[in-house]
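1. Take this sequence and fold it.
(one chain, ligands or ions: 1)
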Amino acid sequence: MSVKSEVLKQLEQNRGESVSGGALSMSLGVSRNAVWKAISKLRGEGYEIEAATNRGYRLLDGGDIISSEGIAPYLKTEFFGREIKVFNEVDSTNNKARLLAGEGASHGLLVISDRQTAGKGRLGRSFYSPAGAGIYMSLIIRPELPAEQAVLITSCAAVAVAEAVEALSGAEAKIKWVNDVFAGGKKICGILTEAGMNAETCRLDYAVVGIGINVTNGAFPPEVAGVATSVLEQAGKKISRNRLIAEVMNRLEEQYLKLREKAFLPEYIRRSCVVGRDVTVYEGNNTYPARAVTIDESARLIVKLPDGTQKALNSGEVSVRPL
Ligand code: BTN
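-> Prediction:
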């Protein structure tokens, strides 16, 4: 670890409190001058660090810069997010994570970027990912699961994000089948899971769980502005991205450990904003009305058609019709 990372780690661990230059230089085994240089570099990267005579250095709240040092103090997991790669810019964190997974990256490695130039959404859509305005992250997992159960990972992640957003923002978070998290009636997060198959065993070699959370409204493009919201808007105050990333990892690992028992399903159904509502189903070029009845053991949406028959939807999209 570089001196800069070590200094940042200690400042993050003592966020809001001063740490003396002497204490830093002693614990890191470097000169005070080296500590000062590290502080200057961190300031150059945008960290707001107060320096007071006789008290030392204090990391202030501004900036909201994503770093593994900033996430670590809030992390309670054993695997998820214990190794983190943070980038300023990538095309898509899912692409980056798939590349790393193909090269043998371990279960739990988290790829985060401040900005994505080609963020991907479901059904071939793009995901708007401007710098500083969101959390764009992809978690590599190596599940012992048959490929057809990969959809359960997405549903489990939706529950984890909903719980984390609700815990930190105070706003009730709902899930719109399959993978969208809503707050205040608008989309706050989308999830895209991509799987890598082992051709011999036909089982999952890895899955990449891509999570995109709107943290500020940034400059939502016009087509998104009316239907999207952010953590800032829902909470009515700034929430640190590092804190929220850690909270999602904590909740996701907890849910993931119980994935086989599908223990997340009751919560997934409880948080559904679709079940019990009249919906429009979009299946390729086909669109039809239905009533969403429930979600089954495989996280499929069970809908009742106007002729009274029931149908299980594996994937695709529904929109809720107004009451
Ligand atoms: C959707 O709303 O359709 C899914 C959006 C998923 C976006 C996230 S952002 C991090 C990860 N990288 C991507 O390219 N996509 C996912």
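2. low pLDDT regions in the stretch 151-300 of the chain?
-> For the stretch 151-300 of the chain, not a single residue meets the criterion pLDDT under 70.
3. which residue ranges form the strands in it?
-> Secondary structure of the stretch 151-300 of the chain, counting by DSSP state E, counting those that start in this stretch: strands at 173-176, 180-183, 186-198, 203-214, 278-283, 286-295.
4. As CSV, the ones you listed with distance to the ligand and mean neighbour count would be great.
-> Where C-beta positions appear, they are placed from N, C-alpha and C, glycine not excepted. Below are these laid out as CSV (distance: least, C-beta to the nearest ligand atom, whole Å; neighbours: other C-beta atoms under 10 Å):
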stretch, distance to the ligand, mean neighbour count
strand 173-176, 10, 22
strand 180-183, 6, 24
strand 186-198, 2, 20
strand 203-214, 3, 24
strand 278-283, 13, 16
strand 286-295, 18, 16
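5. Can I get those strands in JSON lines including distance to residue 50?
-> Conversion of the strands of the stretch 151-300 of the chain to JSON lines gives the following (distance: least, C-beta to C-beta, whole Å):
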{"stretch": "strand 173-176", "distance to residue 50": "35"}
{"stretch": "strand 180-183", "distance to residue 50": "34"}
{"stretch": "strand 186-198", "distance to residue 50": "33"}
{"stretch": "strand 203-214", "distance to residue 50": "29"}
{"stretch": "strand 278-283", "distance to residue 50": "53"}
{"stretch": "strand 286-295", "distance to residue 50": "50"}
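6. closest one to residue 15 among these?
-> Between residue 15 and the strands of the stretch 151-300 of the chain, the shortest gap by C-beta to C-beta is with strand 203-214, which sits at 21.4 Å.
7. Tell me the bridge partners for the spatially most central residue of the chain.
-> Centroid-nearest residue in the chain, with C-alpha atoms, centre = their mean: residue 211, separated by 3.9 Å. Following DSSP bridges, residue 211 is listed with bridge partners residue 137, residue 191.
8. Specify the stretch among the strands of the stretch 151-300 of the chain that is closest to residue 16.
-> Taking C-beta to C-beta as the measure, the strands of the stretch 151-300 of the chain were each checked against residue 16, and strand 203-214 came out nearest at 24.2 Å.
9. next one: that closest one to chain centre, how far?
-> 10 Å (C-alpha atoms, centre = their mean, to the nearest Å).
10. try stretch 230-247
-> The mean C-alpha position of stretch 230-247 is separated from the chain mean by 11 Å, C-alpha atoms, centre = their mean.
11. So which of the strands of the stretch 151-300 of the chain is nearest residue 250?
-> Relative to residue 250, the nearest member of these by C-beta to C-beta is strand 203-214, separated by 13.6 Å.
12. relative orientation of that closest one and strand 186-198 in degrees?
-> Between strand 203-214 and strand 186-198, the angle formed by their directions is 160 degrees, by axes from the mean of the first three to the mean of the last three C-alpha atoms, to 10 degrees.
13. what packs against strand 203-214?
-> Judged by 3 or more C-beta pairs under 8 Å, 6 or more residues apart in numbering; DSSP states H and E, strand 203-214 is in contact with helix 93-102, strand 134-141, helix 150-169, strand 186-198, helix 241-256.
14. Can you get me a residue count around residue 244?
-> Applying the criterion other C-beta atoms under 10 Å, we find 22 residues in the vicinity of residue 244.
15. Surely it and residue 167 touch.
-> No. Using C-beta atoms under 8 Å, residue 244 makes no contact with residue 167, being 9.4 Å away.
16. just to revisit the earlier point, pick the most deeply packed of the helices and strands packed on strand 203-214.
-> Mean neighbour count (mean count of other C-beta atoms under 10 Å) peaks for strand 134-141 among these, with a mean of 26.
17. what about that strand, near the ligand?
-> Yes. Judged by C-beta under 6 Å from any ligand atom, strand 134-141 and the ligand are in contact via 136-138.
18. got the CA coordinates for that strand in PDB?
-> Provided in PDB are the C-alpha atoms of strand 134-141 (Å, rounded to 0.1, in the frame of the first residue of the first chain):
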ATOM      1  CA  GLY A 134     -24.200   7.800  -9.200                       C
ATOM      2  CA  ILE A 135     -22.800   4.500  -8.000                       C
ATOM      3  CA  TYR A 136     -21.800   2.300 -10.900                       C
ATOM      4  CA  MET A 137     -20.500  -1.000  -9.600                       C
ATOM      5  CA  SER A 138     -20.200  -4.700 -10.600                       C
ATOM      6  CA  LEU A 139     -19.700  -7.500  -8.200                       C
ATOM      7  CA  ILE A 140     -18.000 -10.800  -9.300                       C
ATOM      8  CA  ILE A 141     -19.500 -13.800  -7.700                       C
END
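19. I'd like to know which residues of this structure are adjacent to the ligand.
-> Proximity of the chain to the ligand is assessed by C-beta under 6 Å from any ligand atom, with 92-94, 116, 119-122, 125, 127, 136-138, 190-192, 210-212 identified as the residues in range.
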